[in-house]
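Enquirer: My questions are about this predicted structure, shown below with the sequence.
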Amino acid sequence: MYICLNCGEIFDKGKILHDDSGDYQVCPVCRDDDYSDAIKCELCGEYYSSLSIATEHFCARCIDEVRDTAREFMLRHLGGFERWALLEGMVEGEIKPEEIIPQGRPE
Ligand SMILES: [Zn+2]
Ligand SMILES: [Zn+2]
């Protein structure tokens with residue numbers, strides 16, 4: 001699948017146009033040749049451009065939404081931006097959970 005970077009149309013086969021240099025594929029709707037591979041977001045099911053964001057699973061909108069929701073929740077329930085920053089570090093792998101689990105806990 002492809003996504004048109006001009007109008008956002010998702011298409012499997014584009015429209016084939018011909019010119020002196022040969023055949024080329026364009027968006028079937030706006031006929032722009034600026035398109036990229038389309039990736040289906042695993043959360044919302046919308047397609048997004050593989051060029052738009054460096055993830056193979058989720059679109060930018062879902063990432064923003066989840067991050068905003070999580071931040072709001074954390075700020076409310078964890079009581080402060082510092083805790084959010086710490087949690088974010090853990091989620092992104094900068095801080096390993098085992099580094100913050102108290103040592104010598106009973107099994
Ligand atoms: Zn288009
Ligand atoms: Zn999404």
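Expert: Arrived safely, thanks for sending. Ligands and ions are numbered 1, 2, ... in the order given.
Enquirer: Name the helix or strand of the chain that has the lowest mean pLDDT.
Expert: helix 97-100 (a mean of 60; mean pLDDT, DSSP states H and E).
Enquirer: dump the residue contacts of the residue nearest the centre of the chain.
Expert: Most central residue of the chain, judged by C-alpha distance to the mean C-alpha position with C-alpha atoms, centre = their mean, is residue 59 at 3.1 Å. By C-beta atoms under 8 Å, 6 or more residues apart in numbering, the residues touching residue 59 are 39, 41, 43-44, 46, 48, 52-53. For every residue, glycine as well, the C-beta is placed using N, CA and C.
Enquirer: One more pass at 10 Å, please.
Expert: The contact partners of residue 59, taken as C-beta atoms under 10 Å, 6 or more residues apart in numbering, are 39-49, 52-53, 65.
Enquirer: now the strands: where do they sit in this structure?
Expert: 2-4, 10-11, 15-19, 22-26, 35-40, 47-49 (DSSP state E).
Enquirer: now those in a markdown table, with distance to residue 90 and mean neighbour count?
Expert: Below are the strands of the chain laid out as a markdown table (distance: least, C-beta to C-beta, whole Å; neighbours: other C-beta atoms under 10 Å):
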| stretch | distance to residue 90 | mean neighbour count |
| --- | --- | --- |
| strand 2-4 | 33 | 22 |
| strand 10-11 | 36 | 16 |
| strand 15-19 | 48 | 10 |
| strand 22-26 | 44 | 12 |
| strand 35-40 | 26 | 17 |
| strand 47-49 | 27 | 20 |
